[in-house]
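S.K.: The sequence isn't on hand, but the structure is:
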């Protein structure tokens with residue numbers, strides 16, 4: 001079978017859920033037995049999102065091979081349950097950087113370097129990178145909205161793919177908005193018509209329209225869209241807001257998206273096996289509304305929920321596993337002080353202190369961890385949250401009052417978190433950062449080994465600073481156990497309190513990056529389980 005290419009574009013407004021649509025379609029095709037991969041083209045000129053503020057683009061999602069990518073790759077992985085790579089994340093910054101590098105090397109043999117063909121060829125090279133692999137179908141989401149000046153060259157490149165490949169091997173899906181005007185009780189099709197007209201003016205005829213709507217789309221509106229947008233009526237797919245994010249694939253299946261894609265691409269495996277996914281959704285929906293736990297994420301980027309989207313989804317996955325609904329509260333760590341902890345944190349069944357960079361809100365995170373430790377509230381620290389758990393324990397249990405991370409204090413005499421000397425000159429996947437998947441050996445009998453039910457794990461990292469082994473013996477003697485380390489024992493990956501606390505554990509890695517709705521991250525499952533017991537006890 002020839003490799004098939006599906007391109008997902010968006011129109012009218014941003015934030016319509018192109019990523020969820022692409023991910024859902026990936027799941028529907030995987031359930032038909034096809035090997036699917038998904039990639040994202042972002043039109044911005046940053047080389048990757050790694051240097052961007054979380055308020056600009058949400059969280060930075062890290063792949064096994066250490067690529068810092070758009071958060072949509074997290075949705076892709078959670079839906080299709082495949083580990084993606086740096087090939088799945090392409091920005092125009094990366095494209096232009098490669099083109100200029102080739103020009104400097106003389107690869108273009110003195111030619112005038114232009115958007116067409118040099119930039120578009122670079123884009124197509126990324127699309128075709130999955131040729132001659134075991135991938136059957138490549139789904140490519142184009143970031144931004146049709147008409148954005150930054151994305152024109154991407155649209156031109158995917159237009160060319162349609163000419164270079166067989167017609168039955170290329171499919172264009174356009175995700176658009178049908179606004180509802182309550183005053184006239186009407187769904188308006190004109191914005192979608194204009195969006196499709198814009199797409200057609202750039203040389204692309206969409207094959208399928210996925211229409212976001214708050215209410216059912218009347219038959220006459222479907223007919224109007226089909227007529228004016230030059231698509232078949234059966235290819236106008238309704239996409240309502242679902243009661244559960246992971247129910248979207250089944251909703252789109254019911255609407256006929258899988259059928260239309262199979263027809264166009266001439267795919268033989270017409271009938272999907274959605275049984276396991278359907279069972280998962282039924283389990284989620286059967287959770288009793290009154291069975292709930294309240295867990296706070298105490299972080300510094302809480303003004304934008306997408307900054308912690310993988311943490312939030314991992315909590316939901318852990319809730320599914322524990323048959324409980326998780327009410328998530330985002331709390332700004334800058335508002336946490338010694339005087340406000342009781343007011344802000346009382347009544348919680350669990351607390352997460354997530355990752356981050358920079359010293360803003362750090363003292364609030366330390367106060368939060370102290371409150372969780374002293375009040376027996378189930379606690380999970382992630383990356384910076386783990387480092388601050390070490391700082392808090394050193395300050396308040398060992399009595400080292402100036403204990404700190406070298407990231408935040410150059411003058412502290414007790415850097416319990418630092419950059420290891422033997423790591424400074426080691427080449428890492430991320431240059432100055434430890435990025436991507438690394439192995440971790442778990443201590444037998446620890447909380448970590450219990451929740452993972454394993455001796456060795458592999459988890460993804462994104463950090464510069466490490467646990468300072470000079471303080472390891474003192475911290476362990478006082479009760480903060482190192483229960484996960486690198487295979488050589490030099491790098492501490494997990495710390496925990498084993499005695500006199502229901503659940504206190506923190507990891508240097510980001511467990512949320514590998515969590516799936518059908519395979520939740522063990523550290524989150526343990527947290528929600530402990531939170532559930534904590535609530536029942538109180």
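M.R.: Arrived safely. In this text, all values refer to a predicted model and were calculated from it rather than measured experimentally.
S.K.: so where's the stretch 401-538 of the chain uncertain?
M.R.: The model of the stretch 401-538 of the chain has pLDDT under 70 over residues 420-431, 538.
S.K.: Kindly recompute the last result at 90.
M.R.: The model of the stretch 401-538 of the chain has pLDDT under 90 over residues 407, 409-412, 419-434, 464, 498-499, 534-538.
S.K.: which residues in it form helices?
M.R.: With DSSP state H, counting those that start in this stretch as the criterion, the stretch 401-538 of the chain has helices at 447-452, 472-478, 522-537.
S.K.: Could you export these as a markdown table, including mean neighbour count and distance to residue 366?
M.R.: Heads up, the C-betas are built off the backbone N, CA and C, glycines and all. Listed next are the helices of the stretch 401-538 of the chain as a markdown table, based on neighbours: other CB atoms under 10 Å; distance: least, CB to CB, whole Å:
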| stretch | mean neighbour count | distance to residue 366 |
| --- | --- | --- |
| helix 447-452 | 20 | 22 |
| helix 472-478 | 14 | 15 |
| helix 522-537 | 22 | 19 |
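S.K.: Just send those back as CSV, with distance to residue 437 too.
M.R.: As requested, the helices of the stretch 401-538 of the chain are exported to CSV (distance: least, CB to CB, whole Å):
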stretch, distance to residue 437
helix 447-452, 15
helix 472-478, 24
helix 522-537, 16
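S.K.: which one of those lies closest to residue 293?
M.R.: Minimum separation from residue 293 across those (CB to CB) falls at helix 522-537, 4.3 Å.
S.K.: ok, residues contacting the closest one?
M.R.: By CB atoms under 8 Å, 6 or more residues apart in numbering, the residues outside helix 522-537 that reach it are 293-295, 314-315, 317-319, 321-322, 324, 326, 349-350, 352, 376-380, 447-448, 450-453, 502-503, 505, 507, 511-512, 515.
S.K.: Buried only: go through the residues you listed for me.
M.R.: 293, 295, 314-315, 317-319, 321-322, 324, 326, 349-350, 352, 376-380, 447-448, 451-452, 502-503, 505, 507, 511-512, 515 (16 or more other CB atoms under 10 Å).
S.K.: out of the contacts of helix 522-537, which are inside strands?
M.R.: In this view, the contacts of helix 522-537 that belong to strands under DSSP state E are 293, 294, 295, 326, 350, 352, 379, 380, 505, 507.
S.K.: out of the residues you listed, which one sits closest to residue 74?
M.R.: Once CB to CB is applied, the member of the ones in strands among the contacts of helix 522-537 that ends up nearest residue 74 is residue 352, at 16.7 Å.
S.K.: That closest one is in contact with residue 294, isn't it?
M.R.: No - Residue 352 lies out of contact with residue 294 (CB atoms under 8 Å); the separation is 11.9 Å.
S.K.: In this protein, which residue is most central in space?
M.R.: The centroid of the chain falls nearest to residue 74 when counting by CA atoms, centre = their mean (2.7 Å).
S.K.: SS state for it?
M.R.: What DSSP: H, G, I helix; E, B strand; the rest coil gives for residue 74 is helix.
S.K.: gap between residue 375 and residue 502?
M.R.: According to CB to CB, to the nearest Å, residue 375 and residue 502 sit 11 Å apart.
S.K.: How about residue 492?
M.R.: Distance from residue 492 to residue 502, counting by CB to CB: 22 Å.
S.K.: What residues sit buried inside stretch 216-233?
M.R.: Result for stretch 216-233 [16+ other CB under 10 Å]: buried residues 217, 221, 222, 224, 225, 226, 229, 231.
S.K.: Next, give phi and psi for the fourth one.
M.R.: Right, residue 224. Main-chain dihedrals, residue 224, degrees, to the nearest 10: phi -60, psi -40.
S.K.: Contact partners for it?
M.R.: Residue 224 neighbours (CB under 8 Å, 6+ apart): residue 189.
S.K.: can you tell me how far residue 176 sits from residue 57?
M.R.: Counting by CB to CB, the gap from residue 176 to residue 57 is 22 Å.
S.K.: more neighbours, the two?
M.R.: The neighbour count for residue 176 versus residue 57, taken as other CB atoms under 10 Å, is higher for residue 176 (30 against 19).
S.K.: Confirm that one sits in a strand?
M.R.: Yes - judged by three-state DSSP, residue 176 forms part of a strand.
S.K.: Quickly list what it is bridged to.
M.R.: residue 211 (DSSP bridges).
S.K.: ok so, going back, tell me which of the helices of the stretch 401-538 of the chain sits nearest to residue 263.
M.R.: Closest among the helices of the stretch 401-538 of the chain, using CB to CB: helix 522-537, at 39.9 Å.
S.K.: if we compare the helices of the stretch 401-538 of the chain, which one ends up closest to residue 47?
M.R.: helix 522-537 (31.2 Å).
S.K.: From the chain's centroid, how far away is the closest one?
M.R.: Its chain's C-alpha centre and that of helix 522-537 lie 23 Å apart, by CA atoms, centre = their mean, to the nearest Å.
S.K.: again, but for stretch 248-260
M.R.: Counting by CA atoms, centre = their mean, stretch 248-260 comes out at 23 Å from the chain centroid.
S.K.: who's in contact with it?
M.R.: Stretch 248-260 is touched from outside by 17, 20-21, 24-25, 27-29, 31-32, 79, 207-208, 210, 232, 234-235, 237-240, 242, 270, 272, 274, 277-278, 281, with contacts defined as CB under 8 Å, 6+ apart.
S.K.: ok so, going back, now the buried residues of stretch 216-233 as TSV including distance to residue 92, secondary structure and pLDDT?
M.R.: Shown next, in TSV, are the buried residues of stretch 216-233 (distance: CB to CB, whole Å; DSSP: H, G, I helix; E, B strand; the rest coil; pLDDT from 0 to 100):
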residue	distance to residue 92	secondary structure	pLDDT
217	34	coil	93
221	35	helix	94
222	35	helix	94
224	35	helix	95
225	31	helix	95
226	33	helix	95
229	28	helix	95
231	29	coil	95
